[in-house]
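Trainee: Provided below for reference: sequence and predicted model.
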Amino acid sequence: MDGLYLVIRSFADLDLGHGLAVARAFDAHPYLRPVRVGGDPARLKVGDSMQALVAERGFPLDWLTVRRNGRWPDYEGGDIDLSHGRGAWSGSHVDSCEPHELGGPNHIDPWVYHLHGHKIEQHWLAATMAEEGAVEEAAALFEELVTAVDAAYGYVVAEARRPNGLLSLIDHQLPGVYWLNYFGPAFRHTHPDLGRTPGARTLESGGVLVRTAPLPWIDTDDGSGREALRRVFDPEAFRFVRPHNPALPSVEAHLAASPGTMEMPWTSFLAQKAARGKESKHAAARKRLDARVGERPAPQVPADAIEWSTSFDLDDFLAFFAHLKRRLGGELARPLGTAVRSVIATAPLDDEDEVVLETRLGPVRVRWFIDDTDTVDLYLFGSEDVHAVCEAWFSQE
């Protein structure tokens, strides 16, 4: 008798519903369910219902799990790491990347991003597996979990056969062939013989579950089932190859095989970071503008000033403002003009304001309204010469 390790990897588009499904799977097998979850240490009591705890705490789930917490080695734990969208990710600065990671000679982003996905890991000791029915409970739990998270890959292995790294990068290398093996739809597409392997069943998820022996223990497994499964794959599949092992489905293939968003999790993170940066820049620019305006009496725009207006994309607005700076000079070419430019360029949605600037062609009222993301509605009020300068912008495009 030996302990068991359960390992699952997913690239699916997950949300609270999937988290609840994972919890229900554990609740269906209370003997194997963790008693505490949470941070390090795990302090949240699971009680009689993990589903109730997930419903209360919400999503994502970034939990360490504890089922048995005696003096080491009398300890059973694991991880439930499920995020919104396609899962966990990391970024590497180009200075620390291998050339093959940079996405070609035109790579201009100083960072390279890597999708790691979602994971579930759980360890049970031999004493737990020695109880009657525990092994079949573990097998049933594994099947329910891979279905719950639309897994890309997973396995259950006896502790004696545990690989050095529980979860390798599955587009680089398969860690091995074990007692229970799950291959998601992308594997089924690239390796159609999986469904014809002894002990294989195609699940409702579209993936293939392969049980290579009745029991996971070394002394009861003659290895024939594992060898039959291993022969489905090219030997290269079990060697570490990067950036992508051609004998295995790519991360992109796993994403395509699992319906949902194709927006990578770092995209929203970077957008939020950019938004926070824009807010900070706007506040600083607004402070500079208010200070500059307060330093001098406001120029007066004649009552017969001519209006000129249009709508710009942000990039075009910046180019147009540079045109005004060259042609009109005055305060547009001084720190006050720079502050106006920065305030408009970083303004939030629905921001509306105006300022009067002195130029070589007389006072100009600059009014703006931000009615869409990265779009500026600009209104200028000034002399006929100012109007002509604005019109000249279009003739030089």
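Mentor: Yep, it's here.
Trainee: run through the protein and note the low-pLDDT ranges.
Mentor: 94-109, 165-168, 397 (pLDDT under 70).
Trainee: where is the longest helix in it?
Mentor: Longest helix of the chain, by residue count under DSSP state H: helix 265-293.
Trainee: buried stuff in the helix or strand just after that one?
Mentor: The first helix or strand that comes after helix 265-293 along the chain, using DSSP states H and E, is strand 306-313. By neighbour count on 16 or more other CB atoms under 10 Å, the buried set for strand 306-313 is 308, 312. Backbone N, C-alpha and C define where each C-beta goes, glycine included.
Trainee: I'd like the numbering to begin with 762 instead of 1 from here.
Mentor: Right, with 762 as the first residue, what we last looked at is strand 1067-1074.
Trainee: could you export strand 1067-1074 as PDB, CA atoms only?
Mentor: The C-alpha trace of strand 1067-1074 is given here as PDB (Å, rounded to 0.1, in the frame of the first residue of the first chain):
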ATOM      1  CA  ILE A1067     -15.000  81.800 -34.700                       C
ATOM      2  CA  GLU A1068     -15.600  78.200 -33.600                       C
ATOM      3  CA  TRP A1069     -13.600  75.400 -35.100                       C
ATOM      4  CA  SER A1070     -14.300  71.800 -33.900                       C
ATOM      5  CA  THR A1071     -13.700  68.200 -34.700                       C
ATOM      6  CA  SER A1072     -13.300  64.800 -33.100                       C
ATOM      7  CA  PHE A1073      -9.800  63.200 -32.900                       C
ATOM      8  CA  ASP A1074      -8.400  59.800 -32.100                       C
END
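Trainee: ok, and what's touching it?
Mentor: The contact list for strand 1067-1074 (CB atoms under 8 Å, 6 or more residues apart in numbering) reads 1081, 1135-1145, 1147-1148, 1151-1152.
Trainee: which residue ranges form the helices in the protein?
Mentor: According to DSSP H, the helices that the chain contains are 777-788, 811-818, 887-890, 895-909, 946-951, 985-991, 1012-1018, 1026-1054, 1075-1089, 1096-1106, 1145-1156.
Trainee: show me the contacts for residue 932.
Mentor: Contacts of residue 932 (CB under 8 Å, 6+ apart): 1005, 1006, 1009, 1010, 1011, 1012, 1015.
Trainee: from the contacts of strand 1067-1074, list just the buried residues.
Mentor: Applying 16+ other CB under 10 Å to the contacts of strand 1067-1074 flags 1081, 1137, 1138, 1139, 1141, 1142, 1143, 1144, 1147, 1148, 1151 as buried.
Trainee: quick one: contacts for the second one?
Mentor: Yep, that's residue 1137 we're talking about. Per CB under 8 Å, 6+ apart, neighbours of residue 1137: 1072, 1073, 1074, 1075, 1078, 1105, 1108, 1129, 1130, 1131.
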